[in-house]
Each structure stands twice: as structure tokens, then as C-alpha cells.
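Participant: curious how this folds, go ahead:
(chains A and B)
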Amino acid sequence: MKKVMVGNHAVAWGVRLARVEVISAYPITPQTQVVEKLSEMCADGTLPARFIKVESEHSAMAAVIGASATGVRTFTASSSHGLLYMHEMLHWAGGGRLPIVMVDVNRAVGPGWNIWTDQNDSLSQRDTGWVQLYCETNQEVVDTTIMAFKLAETLSVPVMLMLDGFYLSHTAEPVDVPDQELVDRFLPKRDAPYKLDTEHPHAFGALVKPDAYMEMRWLQQEALSAVPATLDGIEKDWLRMFGRSYGAMEKYRAEDAELLLVTSGTVTSTARAVVDARRAAGEKVGLLKVKMFRPFPTALVRDALRGVPRVAVLDRNVSPGHGGIFAEELRSALYDLRDGERPELFGFVLGLGGRDITPAVIDEVIEKARAGTVPSREDLWVGVNP
Amino acid sequence: MPESMITTDGARAVPQVAMSTMSTLVTRTGSWKYLRPAYLDRVAPCNAGCPVGIDIEGYMNLLREGRVDEARDLLLAENPLPAVTGRVCHHPCENACNRRALDGAVAIHAVERALGDLAHERPAPGFTRDARAERVAVVGSGPAGLACAYHLARLGYGVTVFEAAGEAGGMLRLGIPEYRLPRAVLDGDIARVVAHGVEIRTGVRIGRDVGWTELHDAFDAICVATGAHASRALGVPGEQLAGVRPGLAFLRDVNAGQRPALGRRVIVVGGGNTAMDCARAALRLGSKVTVVYRRTRDEMPAIREEVDDAQREGAEFVFLANPVEFTDGAGRVDALVCERMALGEPDASGRRRPLPTGERFSIDADTVLTAIGESSALEDFFPEVARSDSGLEVDALGGTTRDLLFAGGDVTDLERTVADALGAGKRAAIGIDRHLRAVRGDTAELNALRFGPGNLSAARWLGRDPIRRTDPVNDVVGPDDLNFTQFARVPRHDDPHLSSVRAVGGFDEVNGGLTTEQAMDEARRCLNCGVCTECDVCLIFCPDAAITHAEGGAYAIAMDYCKGCGICAAECPRGAITMTQDRP
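Facilitator: Numbering: from 1, shown residues only, chains lettered A, B, ... in the order given. The predicted model follows:
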């Protein structure tokens, strides 16, 4: 069934099809429509879930943590300051190995107060033990939301989905809504290995002494390390049942490329058009979309970029005092490659606070990456005149 | 897969989540606490503010649960005349009501009225103590005398009330017009007092028909509750002119069924309830009424609603006007000359003092009714009993300076309202009981029987507090002690009133009162300040699940697990949980 819907409603449809049982969320621009749509679905009975109203994002995450601990499927969504307010609870979900799925509609962090998109909110939460997946289209949002539950519940890890504020959250696109019966077959009811049960009482999240804490972290690391392979298996099932797949990363017209753009989120679609134009002009320019940021798909990225002469990383984010965050992760991933296989990597910081990244901006990135001789450790800020 | 350098049994022997192998009951988190929550019922501000000493919160709570008869009995335990006070009391309870801070005070007067009316149709509650041999005389059958007699009867005493007028009721019958207090209502409440075994002998004026000493010899104790029936004179030239009358005398005529001719233009002098009664009665006799008051509306001692009703019914108000002379038009008053006043600093009553400006003006009148206050007049009374200008001096239990002689109501030097009179009558009854049973000790012990700083509770005096208050903390709950987030806004029911046209067309009751259903709605609006209603908020919020339903109602706190966090006390909607120090 095809429907035209905005990204926020695509999230809600994914949640509905996944038969989520408990939702708790606090509205914040640009995520608000997710909460509105879900509360409507709960109210009209099309989504028979318990919607817990709360006074803050911290409480929203706490509520879904509590609910998830009882063994039910849970969901929440936030943006920017709301996500940051959840920070402590994100660790509880991660360390508690609770398969919560949440959506972060990427929004810049204030001050200056800004409701438009960039990735600094979610990237600042990278060490909380959550899988992070950045989506490009509304179709990918619906599909990934459902797959995220399967991934989360398979490995007992929480999963965070990102979509760009307004560029995706408020942009309508045609979406093929998956068939409920097929989704039910793909994603059966959650079967939790541990759960809160008054008949068999256990305390969760209590004191763990030095003799076991590190082992628990090691087990968490092991689970997160298994994410790329597990997601690959899930994507294969999805492809078989629904005819679509995305991957932890995607190469686009990357064959024999002399310059490979690296993108995440909606800027990928713009970059595809630029690559198409360059290829039509006979230029060897390609694209690597990185969807998964945590765990970072180091092996996949290393294979994809091995031997590519030049790489231009487009970062809609910045680690102040350091540089673009994807670029830094890629430099780290590529460091082990031998000389001659290791690309020259050029980092570009752009599009912060919702500034538009047009084809012309990407053209400028391409020209700068080509003109550079030795990559600078300082990433270039595109569109900022000192 | 990340490599492990684990040298023990292996990481996989450790559970992937921090999970205990048994329930949390082994962890006695209660050992952490230094504060301990306790369900200590406190005092609702309505109870503390009621001069009668009615457990308003208590009967609201019973009504909320649909226990109408118990609610009525609790009300009647303190107030013999609820159908009366439900209509004419100045209801300081509502002024104190914490719900004002949310969406308007509970219409307590209307609930009391509905319960009072309901009580007329049901048998009176039974007596509360075995009969005693002593007999008490009560002089005066107004609210103070009736209250004293009623409570004494319930305490087992034989009581005879002496009333100078032809019918019982005192100022309720002589002073308050029927449109505020229908006679059937008054009769109904008095009938219940009589049903308690109180003998009322009308047409007997003590001091004239029977001497005070004679009375004192014939009874074990006396309560003087003769009221204040002498209108104060203005003391200005022309006051003796025809057409100038004490307002109280006019009201007495009207309330006896007479319809005196007043002429077209009537001036009422004064700002109290007698003045408002005069004004509204005169309007009903077809006159044009002007109320002259020397301060402003804000300083008027009359009940606010009475002023509003007088204005609605067409009375005009001239404020900051002090009468200085009545002018003579052929042997009869034809105008009142006033001096324009200005407000100065507050006086002893807290109201701003009127100061003369020297400017004079005149208002034409056919009749002037004066209502600037009343004083008590006792004939042939014990000369040694201490009294001030405003009345007999009494102690906390109505005792005068003469042994076994008690007093209450307007004859004393205390506040002059119906409610204060009812409260004083009760205090005198308790004082007499205490005296006759030779209870010794300081009256300070009586503070435990009070609603906070308010009046004494007869139920507590009898040791029969029907509500669970086993552990009262005698402080008053204010709005800051409540958690208003737990309460939905519910608009208050306002009393239906006759249209002003219909109202001034006769002496029908103006205020229609609330229906029983509406009164129940108002009872449900009660926040039950300071008293646990078993609403479960504490149980829901306790993060340690240490609060459970106790056998036989209320809650039990598992102190082995209560960490003393205080969330229950903070979340309690009504301030019924107090955090106390766990260790010294």
C-alpha cells in the first residue's frame, strides 16, 4: 500500500506495524509530529499500545526503560535538547541491555537557539551503548524502524534511528507501507531473556562490583560488535520479504572512482544527483553512504575505501576544537591500511544548524578535495568566510 | 569479536545485565533513612476558621463517600442549627478554604444548608451520655442559648431555656427577615433541640418575671445568653423626630408579620447586617432605599453577599457619609444631613478610620432607620459580675466572674455573629459540664479539643470523634501544603437567586440553595486538607513500594524498606503525610 507521508509519520507507521506495546515520549520540534501521530493511533485504537504521558524526556526514557524491563516492546522519540536531557537514561538502556528503539529527529543544539537540522545531538550520544542508524528517505525510515526492533531484540541492544529535521521529518514522500501480516511474520512478539516479573522477583541495575563490571561491559561490546553481521542477516530477510535493503553502508557509482564522497542522512540524495552529473560528464566521482555510526562499521568502510585515491567526507556536525566527527572516525578506521592503499582524506564541515547543502555546495567540496595536495588535519568549513 | 583477556571463569559466566538472583526484599533500604513518613491528620482551614467548631472537612469526607446520615450526625454533633447557619452564617470557612487558590472555595454554606434541611426529615441523632442529676438554666433562646442547651442536653443534663419573647429563636426570629431565613426552617432546627429533651419556657423575662438570684438558687448552673437588643443611638440632633426609628424595632415589626408604612424615601444608617436587613425589608415594602455609611464598601461589616443582594435589589449606597443632624419638616423628619468623610489610618478593628472633612450635604427622607449597632441590656443583674461596655466578660469556657454563672453570645464582649454565638454556647456547655463534674486542671488541656486555633469540638470533648483522627497534628493546612497538581479544576456551584424583581415583590426566600446532587458535587470538590482520604497517590508514588493497603483501611508503611525519601509527603494531594525525624 503506497501512501504519501512526511518522515515523522513514516516513523509512526513503522512503530505501529512493529506492534509496539508501550510508548512514552515528550514532544519537541521537529519530532512533535511523531508523538502526535502515535498518540492519535493509540487513541483511535489502530495501535493498541499504552501511551505514557510524562513531564520530560528524562522521564520518557525512564518510562520506556521500566516498560522494556518487563519484556514488552517499547519506543520513544526526541530531538536535540530533549535527547540530551535523556543522556543519563540512555546509559541505563544501553548498560541494561534493553532493546528499546528510539528515533532522534536530528536538530542542532543551542545556543544559538536553532530548530533546524544537524547531527550534533545524536553524535554527542555515541558512547551510551546505542546502535545509531542514519536514514536517507522516508521509505528507509519505515523499513529501518521495523528492522531496528528485530536488531535490538536479537542482540539485546537499544537502537537509535536518525532522520534529518525538516529535510526528512517534514518532507512528504511516497512510501510503500509494508503489509502488516508480513511484518508480523518478520517480527514476532518480543521474547525477553530477562524480565521484571513479580512472580520471580529480581532486582535490575543494582550494584556490580569490580570483579564483574568489566565482564558485563565486555559482553556489551561483544553484542555491539555483532551488529553489522546481524543487521546484514536481517536486511537479507527484509529484502526477500519486501524487496528493499539498505545496508550498514552503501556504495553508489563507486567503481574505479578517483574521488569518493562520504555522506550520511539526506545530503546523500543530493550527493547522488551530483555524482550522476559528474559521471555523465565523464568524471570518476562516486559516493559512499554511511548509515551506521555505532557500532562504527570499520571493516566494511576499510574495504570500501581501500585504494580509493581521494575521499571527501561531508560532516553535518562538528566536534568543537577537533573537526567533523565522521571524518575523524574514518581517519581512525583507515589508519591501519598500508601506504598506497590509504586514501587521502579531506574533511568538510558544512550544513550546520540547517544550512542548505545544495548541489553547488557539493560541487565546491569536490573542487576543493581535488585541488588539495596534502589533506589538512583541519577540516574545511564550507560556506564560512573568515 | 573483541578479544577477552579474562582470566577467571570466563565472562560468559557473568549475566549480561546487572540482575540479582533474588528479590530486593533482602535489601533493607529502610536502614538508610533519618526521616520517617507518618499519616498524621492535620486541621483543614475551614474547621479552624469556623467559629462554631464544626468538623466541616469531616462531613465533606463522609458525603464524598455517600454516607449522608453520618455526615449529618457529624454536623449535628457541633451545630444544633445547620439549616439556619447554612442560610445566614457569614461563612468564614469559605474565606479560609484552600480551594480558593485553585478554582473557588467549596460552597460550604450550601452543603451545610442542604444537610440541615435534610436533617429536618430524619430522626434526631441519639443522646451521647447517660443522664445526670444536675439541672441547668439557659436564659435566652437565640443561637447561643440554644447551642448551650442542646450541648448540655447531649451531655446528659436537664435544661430549661427561658425566653422573654413569645417564641424561641432570639435574634434569629426577631432580627432576621423571612426572605433570608424562612420561619419553617428556624422552627425545624429548634424542634430538634427540643427533641433532645430541652424545655423552652417562653414569655418569661428573667430579672423581671423571675429574679436572677431566684434562678441561681433553683438551678445548678446558669448560662446567660440574652443577646443584644438595644439599638445604639446616633446621638445627633433630631433623632427623636417622628420617622426616625431604630432599625431593629422596624425589623421586629416586619418579622412579626406587620407591614409598617415607611413612606417613599427611606434612609438606612449603618453598614452591618442589621442595616442590610432593614434596607432589603424596606425595599420589599415599596420604598426607595438609600444606605448611608461612614466608611466605604470595603469596610462594611455586613456579609458580602447581603450587600450584593441589597444592591441588586435596588438599594443605593452613599459611602463616606456620617449623619450629623435630622432636619424637622413639620414635626417629622424630612432629611438627613451628613458630613462627608475621608478614610484615614486603620483603627483597632483593622478597618480604615473615617475622618470628617467638614463638607456637608443633605438627603431627603420620609423615614430613617438607624442600625449602627446593638448593645445588651440586663435587668436587675448581679452587680458584681464583671462587664465592659460591649458586654459580659467571659473566659475561654464562657465562665463569668461569678461561680456557676456562664454566658455566651451577643450579651458577652465577643464577636457578634450567629456562628460566634453558636460557638460560645457550646463553650459554655463544655464549661458547665467541666465545672459540674469537677474536672480539674488547666484549661490549656482543652487545646487538644480544638480545630487548630479554632473552636472546641464537642465530639472530641465527648471522646467520640467519629472520624479516624487518632493522631491529630493540630496545625492548619495552608495552600502551600497541598499538591494542587493532583486536583482537576471543577467550577463551584453558585446559589440560585430569585430575580431582583421577584425578590422585592415579597418575603419569599431569595437564595434557592443547591439541590442535594449539587451539594454532593460541592462535597466532592472538598480537598480534605490535611486528612487522608485513601486516594492512593502515596502508594502509587512510593519508589520503594513500601506503602501498602493496610487491613481495615488506610495504609501501612514497611519501615524496613522506606528510605525516608519524602516523595509520599511531597506528592500527597492534601498534606496528610508528615515527615518526622527518625532518630534524635
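
Participant: could you find the closest non-adjacent residue to residue B:361?
Facilitator: With Cβ to Cβ, 6 or more residues apart in numbering or on different chains as the criterion, residue B:361 has its nearest non-adjacent residue at 5.9 Å, and that residue is residue B:338. The C-beta positions use only the backbone N, C-alpha and C, and glycine is treated the same way.

Participant: you'd agree that neighbour is in a helix?
Facilitator: No. Counting by DSSP: H, G, I helix; E, B strand; the rest coil, one finds residue B:338 to be strand, located in no helix.

Participant: wait, isn't it in contact with residue B:326?
Facilitator: No. In terms of Cβ atoms under 8 Å, residue B:338 does not count as a neighbour of residue B:326; the distance is 10.6 Å.

Participant: next, the contact list for residue A:70, please.
Facilitator: Residues touching residue A:70, when contacts are defined by Cβ atoms under 8 Å, 6 or more residues apart in numbering or on different chains, comprise A:195-197.

Participant: tell me which element residue B:494 falls in.
Facilitator: No secondary structure element spans residue B:494, as it lies outside all helices and strands (assigned by DSSP states H and E).

Participant: let me see the confidence value for residue 177.
Facilitator: Just going to use chain A. Per-residue pLDDT puts residue A:177 at 98.

Participant: chain B was what I was after
Facilitator: 97.

Participant: how about residue B:350?
Facilitator: Residue B:350 is assigned a pLDDT of 86 by the prediction.

Participant: got it, and residue B:32?
Facilitator: Confidence at residue B:32, expressed as pLDDT, is 87.

Participant: then residue A:185?
Facilitator: Note on residue A:185: pLDDT of 98.

Participant: that one against residue A:241, yeah?
Facilitator: Yes. Applying Cβ under 8 Å, one finds residue A:185 in contact with residue A:241, separated by 7.5 Å.

Participant: just want to know which of the two has more residues nearby.
Facilitator: Shown here are residue A:185 and residue A:241; by other Cβ atoms under 10 Å in any protein chain shown, residue A:241 has more neighbours (14 against 11).

Participant: the more buried one: what's it in contact with?
Facilitator: The contact partners of residue A:241, taken as Cβ under 8 Å, 6+ apart, are A:182, A:185-186.

Participant: spatially nearest residue to the closest residue to chain A within chain B, not counting backbone neighbours?
Facilitator: For chain B, the residue closest to chain A is residue B:23, as judged by Cβ to the nearest Cβ, at 3.3 Å. Excluding its sequence neighbours, the residue lying closest to residue B:23 (Cβ to Cβ, 6+ apart) is residue A:201, at 3.3 Å.

Participant: tell me the contacts of that neighbour?
Facilitator: Per Cβ under 8 Å, 6+ apart, neighbours of residue A:201: B:22-25.

Participant: could you pull out the strands in the stretch 251-386 of chain A for me?
Facilitator: A:259-263, A:285-290, A:292-294, A:310-315, A:344-349, A:380-381 (DSSP state E, counting those that start in this stretch).

Participant: output those strands in JSON lines; the columns should cover mean pLDDT and distance to residue B:76.
Facilitator: Formatted as JSON lines, the strands of the stretch 251-386 of chain A follow (pLDDT from 0 to 100; distance: least, Cβ to Cβ, whole Å):
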{"stretch": "strand A:259-263", "mean pLDDT": "98", "distance to residue B:76": "82"}
{"stretch": "strand A:285-290", "mean pLDDT": "98", "distance to residue B:76": "81"}
{"stretch": "strand A:292-294", "mean pLDDT": "98", "distance to residue B:76": "72"}
{"stretch": "strand A:310-315", "mean pLDDT": "96", "distance to residue B:76": "80"}
{"stretch": "strand A:344-349", "mean pLDDT": "94", "distance to residue B:76": "81"}
{"stretch": "strand A:380-381", "mean pLDDT": "88", "distance to residue B:76": "83"}
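
Participant: which one of these lies closest to chain B?
Facilitator: Each of the strands of the stretch 251-386 of chain A has some distance to chain B by Cβ to the nearest Cβ; the shortest is strand A:292-294, at 14.6 Å.

Participant: quick one on the thing from earlier: and which of the contacts of residue A:241 is nearest chain B?
Facilitator: Ranking the contacts of residue A:241 by separation from chain B, with Cβ to the nearest Cβ as the measure, puts residue A:186 on top at 24.8 Å.
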